[in-house]
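**Q** Any chance you can model this:
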Amino acid sequence: MVFIGIDIGSTCAKTVVMDETLQILYQSIQPTGWSSVDTAEAIRQNLLAQGFEMDNSRCVATGYGRISVPYADKTITEITCHARGAVWLYQCQDMAVIDIGGQDTKIILMEAGMVKDFTMNDKCSAGTGRFLEVMANTMAVKPGELCELARYGKNVSISSMCTVFAESEVISLIGRGEKKENIAFAVVNSIVDKVVSQCSKLNIAEKNVFLTGGLCECDFLKEVLTQKLHKQVTAQPDSRYAGAIGAAISSMKLKRD
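**A** Have a look, this model is predicted:
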């Protein structure tokens, strides 16, 4: 018996397969594309190619496209799955989890391994991976390149919290010859400011702070977030799989039930 967690986000879909000892046997990531249904079927085919049969597994789906996984035994919200995944990743029961996703950013407050409170930015893409992606496209660089450029920038800010208006600001900055690294610096700081504003709605002062989601590999963003929160923010590359890990762990509970 293996335990499968599938996290179909708005931008990327993550898959994790674990055994009964909570060891990861397989993990993968792929673009979600325009159809979550097609993505779910592609994941199923990939799992079969790896030798993981649906008849000998339990599967939980989470994320934006969780209802599009017909072979899942259950669907569970992102909040629950990201929380469980973060507990497993960081071996910590009391913490604040910052998940910067493609279309939303979640701040999850954990106590004794359980979700105590959370806040979610789901009305606007400011402060999300989508915001970074739009600005990177406008600047003709990849999101990872933008994060690296930002480290060498300074003295530029973006005033608008709306993605559309912020993009107009970036275009204006490009038009007047502002250096790319300075614009990148403004973009990253804009994302961080939005996240810090969300964090202020919860009491994270006494908590360890961990970063999950697609931007967990952006070292400069993590450094700026640490500086502005006045709290060390910890991340690791596998943190982007937190939702899928939490879903796989949740599928183990189905076996016991």
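
**Q** Show me what counts as buried in the helix ranked longest in the chain.
**A** Assignment by DSSP state H gives helix 180-199 as the longest helix of the chain. Going by neighbour count (16 or more other Cβ atoms under 10 Å), the buried part of helix 180-199 is 180-196, 198-199. Heads up, the C-betas are built off the backbone N, CA and C, glycines and all.

**Q** could you say what helices and strands it packs with?
**A** Packed against helix 180-199 by the contact rule (3 or more Cβ pairs under 8 Å, 6 or more residues apart in numbering; DSSP states H and E) you find strand 95-100, strand 105-111, strand 114-121, helix 129-138, helix 143-150, helix 163-175, helix 219-229.

**Q** Next, the contact list for the nearest residue to Met135 once chain neighbours are set aside, please.
**A** Excluding the flanking residues, the one nearest Met135 by Cβ to Cβ, 6 or more residues apart in numbering is Val187, at 4.5 Å. Taking Cβ atoms under 8 Å, 6 or more residues apart in numbering, we find Val187 in contact with Phe131, Leu132, Met135, Ala136, Leu146, Ala150, Ile158, Val170.

**Q** and what of Ser68?
**A** Ile8, Ser35, Ser36, Val37, Thr39, Ala40, Ala61.

**Q** Same question for Leu149.
**A** Val141, Lys180, Glu181, Ala184, Phe185.

**Q** which one of those residues is nearest Ile204?
**A** Closest approach to Ile204 among the contacts of Leu149 (Cβ to Cβ): Phe185, at 25.1 Å.

**Q** The closest one is in contact with Cys147, isn't it?
**A** No - using Cβ atoms under 8 Å, Phe185 makes no contact with Cys147, being 10.3 Å away.

**Q** shared neighbours of these two, which are they?
**A** Counting by Cβ under 8 Å, 6+ apart, nothing touches both Phe185 and Cys147.

**Q** Next one, pLDDT for Met120 please.
**A** Note on Met120: pLDDT of 86.

**Q** residues touching it, list them.
**A** Ile79, Asp104, Thr105, Lys106, Ile107.

**Q** so where does the first one fall, helix or strand?
**A** Assessed by DSSP states H and E, Ile79 sits inside helix 78-90.

**Q** ok, now how distant is Gln236 from Lys194?
**A** From Gln236 across to Lys194, the span is 23 Å (Cβ to Cβ, to the nearest Å).

**Q** Over to Gly33?
**A** Taken as Cβ to Cβ, the span from Gly33 to Lys194 is 27 Å.
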